[in-house]
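Colleague: output the structure for:
(one chain, ligands or ions: 2)
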Amino acid sequence: MLDIHTAAATPPPVIRREDYRAPDWLVPEVSLDFRLDPAATRVLARLEVTRNGDHARPLRLDGDGLVPLVVRIDGAAAADTWRMDGPALVIDLPGAAHVIETEVEIAPAGNTQLMGLYASGGLLCTQCEPEGVRRITFFPDRPDVLSRYTVRLEAGEATYPLLLSNGDRTDGGGLEDGRHWAEWRDPFPKPTYLFALVAGDLAANRDSFVTRSGREVDLAIWVKAADVGKTEHAMAALKASMAWDEQTYGREYDLGEFNIVAVADFNFGAMENKGLNIFNSRYILADPDTATDGDYDGVAGVVAHEYFHNWSGNRVTCRDWFQLSLKEGFTVFRDQQFSADQGSAAVGRIENVRALRASQFPEDAGPLAHPIRPEAYMEISNFYTATIYNKGAEVIRMLHTLLGAQAFRQGSDLYFERHDGQAATCEQFVQAMEDASGADLAAFRLWYAQAGTPRVRAAISHEPASGQARLTLGQSVPATPGQPVKQSMPLPLRVALFGELTGRVLAPEQVVVLDGPTKEVLFEGIGERPILSINRDFSAPVVVETDRSAADLAFLSANDDDPFARYEAMQQLMVDTLVVAVATGTADHAPVVEAVERTLTDPALDPAFVAEAVLLPSEAFVGDQMLVVDPPAIHAAREALRARIGTRLEEAWRAAYARGQADRYEYSPQAKGLRRLRTVALGYLAAAGVADAAALAFAQFDEADNMTDRQGALGVLANGRSAEREDALDMFYERYRGNGLVLDKWFTTQAVSTRDDCLDAVERLARHPDFTLANPNRLRALVGAFASNQRAFHDASGRGYRFLADMVIAVDRLNPSTAAKLIPPLGRWRRFDGARAGLMKAELRRVLEVPGLSKDVFEQASKSLG
Ligand code: PHE
Ligand code: ZN
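Modeller: Ligands and ions are numbered 1, 2, ... in the order given. This next block holds a predicted model:
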């Protein structure tokens, strides 16, 4: 049952961090017994409960839509000592310890929320984070109640030959009537949200890993039999992650088994259930014919992320959901470090920052802004955000920068040692870092409390006579909802100076900590005019404003020795050019064209880096720089600059394109970089309107022996008007119509198209027989992708807004947490002109008027309306 909320009804209660209270009752041991059946699953639970502290309060077991068929206390049916309080089961208990048994029946086949026990493609599986266990059994469903689990699973053997749960399998066997059972025991106490089970007919890619203390771990990745061949990359990533966490953080795996299961219907990327990670199949399955290089990176990154949670999340978990970034920020940082160590660190950092700017900066600047440790929520599912995850990771990275790698590692060791087996807080993490390093992190704690992206102003002045250069820094943290006034935060800024004339490093990189509203830094012995390189490697998650000229930015884009700073200088040059073009209708393209040419033709550079550096910032990012976003003007300005870069550098693009042509597919960093640059070059040739662009793209599409080249070419064709376009889209559809993950790409490619008729196409695709609201991947592929297409979504007619609101309303009936994730684009109305803002607000109001709205959507829509 969903909570029912409309604008007219009482709003859902607000949960506040300051109201945290330790649990009244603990559950050190639990046994769960599942009689599995898609239509009617029986769940028998046996909880050993102990009173926590000196109080007389009853035991309160969370439930969501559950009816207690049996309630037994210490073995006896006790009808008069329990009662229902709304969805919860409340039991008055006399003693300090009791045994509670309950029995309920649930219907996984009808569970469209994909939260709790649900069915996906013939499987039965669970998703319990954050509050799914209450949809399975009565339990204190909060992360600070840690229990040892024994789980017995029983099901029909023909349909469900595989029965998995957390920990290690301890027993099992056959039963009458074609049923069988298995028992699993997890020796590590864990919160409810890490419980999992899977029943189904799956095949495994099996392997093993020997930990550094010599324990052998059986690894298995479970997928549909036909997909086993697509699990090699995930398995390699798993083993690499296990070794990396030993080497880098001293963390060893702790069970005899590690199982991963891939499912097609999943609300998120994956889930770190203890010893039984459950994945969205898009982050497991990869082969050259169906997965792009980006998909391969996603698989490795998410496999690593979930594995790393075994320590940062599972061995040490969160006291309450306000501490979510304790596990997520730290674990994202860890997976970013891992990916940087495995591949190109420079390109990895560029991708981290691009993702942060695309999703977290807008969040921090809008009505849903919240600190990485929020103060209040209505529905915790709404707080699995880019702020908690990605800004959270940046905050951990700043600690790493401020303390240095060695002290950071000592702090992490101390944190794991102190809190192993506990449910901890962000504060305890910072305290461990402080205690281990001796650093004073009092002011740093503001990063946990304040929302909003700080803005830094930086200017450099130079006195040739004295050889002194003075760097003047200032910071301000913008107001966000509920936080009108902010304090200055410590910002670690990596800074270096370069000589304009000689190109030499005048001041090598140093970390300047801007720890007040302003700061001045003096450099001596600076003999020529210095050019400022600042926030190198994106050392602080801030917006930097400088008065660097186009010439200075061009210089840095060609000469800076920090690859991120080089990329950043080019981006800034491009953004400055586009902002002028939008404001005045015209801009000097020459500096950008020259800078792109220099990067493109520099033989010393890694092609993967070149491909990132020469890409124009997205339309949305340009919009973020403007007071009032003008989507068609931004689109026109960006397309004009793209065309100019394409035309002026046609020969260089053709050369880059030819260079990227490989004899045959290979998965290596070099080959990946060349493929990326090749499709970027193709895009510029198409933008230039060269006569053979469509032919080139179609040939690449048709002859490709890998998905990166094929989808890259399809994307270029999809933006154009050639006859080849429709052929390629049809061919792609026919070839992959049986593969859901690839079909998602077909939807996305059309939803992000730059064509004028994109909105019509999206409306048509929503009626396509392969479109479904029930699968979150498909929904994101069409609707999520479309909402990121600034020009199409913000069509002046308001049809894009209406389309999105219709989707929110329809999906909310099935899957509230996924519906709620579609809302933020409508909440950005303050950044648009009055006409668009009015249309956006009208759609938010229309959503809020729907009777029976979930609290997920209610919270996001009402906050978005402001
Ligand atoms: N905890 C998961 C992760 O970050 C994400 C997740 C949250 C998955 C909620 C499902 C539901 O790895
Ligand atoms: Zn995570």
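Colleague: can you give me the pLDDT of whichever residue of the stretch 51-200 of the chain sits closest to ligand 2?
Modeller: Nearest to ligand 2, among the residues of the stretch 51-200 of the chain, is Glu129, at 8.9 Å (C-beta to the ion). Heads up, the C-betas are built off the backbone N, CA and C, glycines and all. Each residue has a pLDDT score; the one for Glu129 is 98.
Colleague: same question, Gln661
Modeller: Reported pLDDT for Gln661: 89.
Colleague: what is the neighbour count of it?
Modeller: 12 (other C-beta atoms under 10 Å).
Colleague: try Phe209
Modeller: 17.
Colleague: sec struct for it, please.
Modeller: Secondary structure for Phe209, judged by DSSP: H, G, I helix; E, B strand; the rest coil, is strand.
Colleague: for it, what are its contacts?
Modeller: Residues in contact with Phe209 (C-beta atoms under 8 Å, 6 or more residues apart in numbering) are 216-217, 219, 238-239, 242-243, 253, 258.
Colleague: narrow those to just the buried residues.
Modeller: 217, 219, 238-239, 242, 253, 258 (16 or more other C-beta atoms under 10 Å).
Colleague: need those residues in JSON lines with secondary structure and pLDDT, can you?
Modeller: Formatted as JSON lines, the buried ones among the contacts of Phe209 follow (DSSP: H, G, I helix; E, B strand; the rest coil; pLDDT from 0 to 100):
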{"residue": "Val217", "secondary structure": "strand", "pLDDT": "98"}
{"residue": "Leu219", "secondary structure": "strand", "pLDDT": "98"}
{"residue": "Leu238", "secondary structure": "helix", "pLDDT": "99"}
{"residue": "Lys239", "secondary structure": "helix", "pLDDT": "99"}
{"residue": "Met242", "secondary structure": "helix", "pLDDT": "99"}
{"residue": "Tyr253", "secondary structure": "coil", "pLDDT": "98"}
{"residue": "Phe258", "secondary structure": "strand", "pLDDT": "98"}
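Colleague: where does Arg16 land on pLDDT?
Modeller: Per-residue pLDDT puts Arg16 at 98.
Colleague: bridging residues for it?
Modeller: Per DSSP bridges, the residues bridged to Arg16 are Ala376.
Colleague: quick one, helices of the stretch 651-800 of the chain?
Modeller: 669-688, 693-703, 707-718, 723-736, 740-751, 758-765, 776-779, 785-787, 790-793, 799-812 (DSSP state H, counting those that start in this stretch).
Colleague: can you tell me which of those is nearest to Ala79?
Modeller: helix 799-812 (37.2 Å; C-beta to C-beta).
Colleague: which outside residues touch the following helix or strand past the closest one?
Modeller: Scanning forward in sequence from helix 799-812 by DSSP states H and E, the next helix or strand is helix 816-820. With contact meaning C-beta under 8 Å, 6+ apart, helix 816-820 is reached by 2, 113-115, 267, 379, 381-382, 776, 779, 807-809, 811-812, 854-857, 859-860.
Colleague: just the buried positions in the helix or strand that helix 816-820 is followed by, please.
Modeller: Following helix 816-820 in sequence order, the next helix or strand is helix 834-848 (DSSP H and E). Using 16+ other C-beta under 10 Å as the test for burial, helix 834-848 gives 836, 839-844, 846-848.
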